[in-house]
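Enquirer: Kindly return the folded structure for what I paste below:
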Amino acid sequence: MEKTEWYLEYEIQYNRPGLLGDISSLLGMLSINIITINGVENQRRGMLLLSKYDENVTRLKSILQTMDTIKITKLRKPKLRDKLAVRHGKYIHRDADDRKTIRFVRDELGLLVDFMAELYKQEGHKLIGVRGMPRVGKTESVVAASVCANKRWLFVSSTLLKQTVRSQLIEGEYNNDNIYIIDGVVSKRRANEKHWQLIREIMQLPSIKVVEHPDIFVQATEYNMDDFDYIIELRSHEDEEITYEPVEKQQFSQENGFSMFDF
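Expert: Here you go, the predicted structure:
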């Protein structure tokens, strides 16, 4: 029988000396291995566990519930956000009104890159939108996550180095393992019909597509926000408001001193 991963999270009610040692000893007596352990937000500790027998996890829960020094907050098969919480010591934060919108600030770039890399490793079509003001690190995070996931990235439209608008891909670039990156502002303002036809072809591929400025992108296409699987918002600080007038002004009023690639 193969071992199963579990995620245990508990809130410390009274942090006495030897508490972690007692829990570790209990896990050992139940033949449950600790893979990773870390402090999580708000006096909580998270553990990734490995157990051969599910009934031992049930026994563990029963015993821990009798302890007055801790309170179990989660004991379940680990979700992606659980694994990330153990790695980074903090949870990713979803929007209260829209559960597929996930918020990050610039200080959490490591967590953002790790999260996106895990999404990239999943098979099949996924459409990911990225919102954020200029120079906050959107494109750099998308590319860094591609490297972490060992995926090749392709700019369909971008302003990372020069304004790039692709009208076609060569044969080797049609690959389900590629990450296709689209800048919604560039595509709306600079694209021709061949570019939009290329985007429609890419959308049919069972691969990952990342759209920067998704709100602008849907204005110029038949797609809408419901088509996106995830919306990632990246801010310099928590109270920053994401608006699109400065974005369009920065990219197109002065052309940023860049020439334009159109191929």
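Enquirer: How about the nearest residue to Arg190 once chain neighbours are set aside: which residues does it bridge to?
Expert: Nearest non-adjacent residue to Arg190, counting by CB to CB, 6 or more residues apart in numbering: Val165, 5.2 Å away. C-beta here means a position set from N, CA and C on the backbone, and glycine is covered the same way. Beta-bridge pairing of Val165 under DSSP bridges involves Ser157, Asp262.
Enquirer: Any idea how many residues pack against Val165?
Expert: By the measure other CB atoms under 10 Å, the count of residues near Val165 is 22.
Enquirer: And for Asp22?
Expert: A count of nearby residues for Asp22, using other CB under 10 Å, gives 13.
Enquirer: where's it, which helix or strand?
Expert: helix 19-29 (DSSP states H and E).
Enquirer: quick one: average pLDDT of that helix?
Expert: For helix 19-29, the mean pLDDT works out to 94.
Enquirer: List the buried residues in that helix.
Expert: Counting neighbours by 16 or more other CB atoms under 10 Å, one finds that the buried residues in helix 19-29 are 19, 23, 27.
Enquirer: Can you name the residues in contact with it?
Expert: Defining contact as CB atoms under 8 Å, 6 or more residues apart in numbering, one finds that helix 19-29 is touched by 12, 33-34, 45, 49, 60, 63-64, 69-70.
Enquirer: Then stretch 43-58?
Expert: 1-12, 15, 20, 27, 30-40, 73-75, 78, 82-83, 85-86.
Enquirer: ok, back up a step: format the contacts of helix 19-29 as CSV; extra columns: neighbour count.
Expert: Formatted as CSV, the entries for those read as follows, by neighbours: other CB atoms under 10 Å:
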residue, neighbour count
Ile12, 16
Asn33, 12
Ile34, 14
Arg45, 20
Leu49, 23
Leu60, 22
Ile63, 13
Leu64, 17
Thr69, 14
Ile70, 20
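Enquirer: and which of those is nearest Val156?
Expert: Leu49 (42.1 Å; CB to CB).
Enquirer: For the closest one, which three-state class applies?
Expert: Using DSSP: H, G, I helix; E, B strand; the rest coil, the secondary structure recorded for Leu49 is strand.
Enquirer: Which strand or helix spans the closest residue to it other than its chain neighbours?
Expert: Leaving aside its sequence neighbours, Leu49 sits nearest to Trp6 (CB to CB, 6+ apart; 4.4 Å). In the assignment (DSSP H and E), Trp6 maps to strand 4-12.
Enquirer: Taking their axis directions, that strand and helix 19-29 sit at what angle?
Expert: Orientation note: strand 4-12 sits at an angle of 150 degrees relative to helix 19-29 (axes from the mean of the first three to the mean of the last three CA atoms, to 10 degrees).
Enquirer: pull the CA atoms of strand 4-12 into CSV?
Expert: Output of strand 4-12 as CSV, limited to C-alpha atoms (Å, rounded to 0.1, in the frame of the first residue of the first chain):
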residue,chain,number,x,y,z
THR,A,4,-0.7,9.1,1.3
GLU,A,5,0.1,12.8,1.9
TRP,A,6,-1.9,14.7,4.5
TYR,A,7,-1.8,18.3,5.7
LEU,A,8,-2.1,19.1,9.4
GLU,A,9,-2.4,22.6,10.6
TYR,A,10,-3.0,23.6,14.2
GLU,A,11,-3.2,26.9,16.2
ILE,A,12,-1.1,27.1,19.3
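Enquirer: Show residues contacting that strand.
Expert: 19, 32, 35, 40, 42-52, 54, 57, 60, 64, 69-79, 82-83, 85-86.
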